[in-house]
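Undergrad: Here is a sequence together with a model predicted from it:
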Amino acid sequence: MASHDTPVSPAGILIDLDGTVFRGNELIEGAREAIKTLRRMGKKIVFLSNRGNISRAMCRKKLLGAGIETDVNDIVLSSSVTAAFLKKHYRFSKVWVLGEQGLVDELRLAGVQNANEPKEADWLVISLHETLTYDDLNQAFQAAAGGARIIATNKDRSFPNEDGNAIDVAGMIGAIEASAQAKTELVVGKPSWLMAEAACTAMGLSAHECMIIGDSIESDIAMGKLYGMKSALVLTGSAKQGEQRLYTPDYVLDSIKDVTKLAEEGILI
């Protein structure tokens, strides 16, 4: 077994989705071919995303629609990891959701109990809500003001879509924390250990046997650095060439399609 200090070719690849494989619903050029190349090389692949408003089944359907074959067990989302965490550690607690159907589906699949009304909730789960109404926000406020503890699928400020950057979960968290004078106790999404552990478990590998490819310094590259993974930053999403970076990636690629260059250089052999 190689030590952590010994350069090794990654056996597993964690691939971010928004800004790396997709921009909104649009497949990024060369992404499908790059993933096929990695698979031909025998790499294990997990799709890893902070998206908390979709389920793994929804994500798989989107990938299949783009011509990318995958199994639901090779998809790790902040929605599914949040659901697994609550089921394991708070199995008798009831939750209220500020989020969308994908998160509700993952909670139900894990066997997490829903509260009948906001004030009955032990936990308020906050995620991305792209069809947010005042009533949705007010019910979440009632849950938090009534004493529900807060868990968030992620705290990203924005995510890339077809029109540029769109507001993400940080906006929903801010509204509830400010109005209910409450604090979020746990953020599940990248770069948390919960996401890293779930991805490594899905592949049956340790962190130092893996590489993460993503567009976010604060979530993707940070997770790589925090847990000893190699990291490759792509410039098709939130990160831009030449900007100041708190965490320095091992590699910078114009796009995920350039993983072929890493293979040619012997980095992914």
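TA: Great, that's in hand.
Undergrad: mind listing what's buried in stretch 54-63?
TA: By 16 or more other Cβ atoms under 10 Å, the buried positions in stretch 54-63 come out as 54-56, 58-60, 62-63. Heads up, the C-betas are built off the backbone N, CA and C, glycines and all.
Undergrad: Give me the neighbour count for Gly266.
TA: The number of residues packed near Gly266 is 8, by other Cβ atoms under 10 Å.
Undergrad: Over to Cys210?
TA: Neighbourhood size, Cys210 [other Cβ under 10 Å]: 25.
Undergrad: Just the pLDDT for the nearest residue to it once chain neighbours are set aside.
TA: In space, and not counting its chain neighbours, Cys210 is closest to Gly12: 4.2 Å by Cβ to Cβ, 6 or more residues apart in numbering. Gly12 carries a pLDDT score of 97 in this model.
Undergrad: Next: Ile151.
TA: 98.
Undergrad: Next, it: secondary structure please.
TA: strand (DSSP: H, G, I helix; E, B strand; the rest coil).
Undergrad: I'd guessed it sits against Ala182; true?
TA: No: using Cβ atoms under 8 Å, Ile151 is not in contact with Ala182, being 11.6 Å away.
Undergrad: Look up phi and psi at the residue nearest to Cys210.
TA: Phi and psi for Gly12, reported as degrees, to the nearest 10, are phi -120, psi 140.
Undergrad: quick one: terminal-to-terminal distance for stretch 143-150?
TA: One end of stretch 143-150 sits 9 Å from the other (Cα to Cα, to the nearest Å).
Undergrad: From Glu209, how far off is the residue nearest to Cys210?
TA: For Gly12, the distance to Glu209 equals 6 Å [Cβ to Cβ, to the nearest Å].
Undergrad: Which neighbouring elements make contact with the strand or helix carrying Gly174?
TA: Using DSSP states H and E, Gly174 sits within helix 169-180. When contacts are defined as 3 or more Cβ pairs under 8 Å, 6 or more residues apart in numbering; DSSP states H and E, helix 169-180 packs onto strand 123-126, helix 134-145, strand 149-152.
Undergrad: How about Asp156: what's its closest non-neighbour residue?
TA: Going by Cβ to Cβ, 6+ apart, Asp156 has Asp168 as its nearest residue, at 4.2 Å.
Undergrad: List phi and psi for the one you found.
TA: When read as degrees, to the nearest 10, the backbone of Asp168 gives phi -120, psi -160.
Undergrad: Report the contact partners of it.
TA: 128, 154, 156-159 (Cβ atoms under 8 Å, 6 or more residues apart in numbering).
Undergrad: sorry, back to before: hmm, who's touching the helix holding Gly174?
TA: 52, 98, 124, 126-129, 132, 137, 140-141, 144-145, 150, 152-158, 182-184, 189.
Undergrad: how close does Gly99 sit to Leu86?
TA: 13 Å.
Undergrad: Overlap of the contact sets of the two?
TA: Contacts common to Gly99 and Leu86, judged by Cβ under 8 Å, 6+ apart, are Val125.
Undergrad: The two - which one has more neighbours?
TA: Gly99 (28 against 23).
Undergrad: Now that we're looking at the spatially closest residue to that one that is not a sequence neighbour, what pLDDT does it have?
TA: Using Cβ to Cβ, 6+ apart and skipping the chain neighbours, the partner closest in space to Gly99 is Ser127 (3.5 Å). We have a pLDDT of 97 for Ser127.
Undergrad: now swap in Leu77 and tell me
TA: In this model, Leu77 is scored at 98, pLDDT.
Undergrad: Report the buried residues of stretch 215-235.
TA: 215-225, 227, 229-235.
Undergrad: should've said stretch 150-162
TA: So for stretch 150-162, counting by 16+ other Cβ under 10 Å, buried means 150-156, 159-161.
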